[in-house]
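S.K.: Give the three-dimensional model of this entry:
(one chain, ligands or ions: 2)
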Amino acid sequence: NRDFLIAPSILSANFARLGEEVDDVLASGADIVHFDVMDNHYVPNLTIGPMVCEALRKHGVTAPIDVHLMVRPVDRLIGDFIDAGASIITFHPEASDHIDRSLQLIRDGGCQAGLVFNPATPLSYLDYVMDKIDMVLLMSVNPGFGGQSFLPATLDKLREARRRIDASGRDIRLEVDGGVKVDNIAEIARAGADTFVAGSAVFKARNDADPHRYDSVLRDF
Ligand code: DX5
Ligand code: ZN
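M.R.: Numbering: from 1, shown residues only. Ligands and ions are numbered 1, 2, ... in the order given. Just a heads-up that it's a prediction; the model follows:
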């Protein structure tokens, strides 16, 4: 299962009209919705929580919602996001006191589970949990803000993560988040990623002729 998925990060969307923005990127060809949750504690920014996820579901969004938790502690919000309609929930292992338990909470709630690795977080956190995850998310910037530049060291780490996933023989997606653009996505894919988060690259590329379409950038990906 190595088909490529594009996951626009709504961090760069216009929050004043979030429902329409999500409808527009999905209609333009996006596969999943990347939902960045920041708590001004684990990361130095504050965004959106379970109520907004639930609002998107009530608005009619049926695509998978990929919830990226940049929060500490994580477990309480896991339950809230399961109830709010999340599809995939990922968290940073160093932000959880009990990684195995947090993964189990996500799966018990019927969601797909994943771990997120900051640029300097070692992949050894995967050692004992490959059978409990559906996604590995590598940060290619330090988390907290959109619009940062892709850190080139991520490419080697992606190759290493790809090796670990292939060696496990399991169906685990490899997602990359931060600084993904039209001009580097092919190289990132060659390094082993199959799921691509892009925030500013998508939402700053609104089609001139039709403000509701993002086809051009999604096609170039
Ligand atoms: C950063 C977030 C990313 C962010 C990516 O902490 O996790 O999802 O939105 O934004 P771009 O694609 O602009 O780097
Ligand atoms: Zn993210």
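
S.K.: Kindly list the longest helix within this protein.
M.R.: Of all the elements of type helix in the chain, the one with the most residues (DSSP state H) is helix 154-168.

S.K.: Show the subsequent helix or strand relative to that one.
M.R.: Sequence order places strand 173-177 as the next helix or strand after helix 154-168, per DSSP states H and E.

S.K.: Lowest average confidence across helices and strands of the chain, where is it?
M.R.: Here the helix or strand of the chain ranked lowest by mean pLDDT, DSSP states H and E is helix 215-220, holding a mean of 89.

S.K.: which of the residues in that one are buried?
M.R.: 217, 218 (16 or more other C-beta atoms under 10 Å). Where you see a C-beta, it was placed from the backbone N, CA and C, and this is true even at glycine.

S.K.: Dump it to CSV, restricted to CA.
M.R.: Extracted C-alpha coordinates of helix 215-220, given in CSV (Å, rounded to 0.1, in the frame of the first residue of the first chain):
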residue,chain,number,x,y,z
ASP,A,215,-6.0,22.2,-8.1
SER,A,216,-2.8,23.6,-9.5
VAL,A,217,-0.5,22.9,-6.5
LEU,A,218,-2.2,19.5,-5.8
ARG,A,219,-1.7,18.5,-9.4
ASP,A,220,1.9,19.5,-9.3
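
S.K.: Now do the contacts for the residue of the chain at minimum distance from ligand 2.
M.R.: Minimum separation of the chain from ligand 2 (C-beta to the ion) falls at residue 68, amounting to 3.8 Å. Residue 68 is in contact with 34, 35, 36, 37, 90, 116, 137, 177, 197, counting by C-beta atoms under 8 Å, 6 or more residues apart in numbering.

S.K.: Show me those residues that map onto strands.
M.R.: Judged by DSSP state E, those include 34, 35, 36, 37, 90, 116, 137, 177, 197 as members of strands.

S.K.: show me which of these neighbour ligand 2.
M.R.: 36, 177 (C-beta under 5 Å from the ion).
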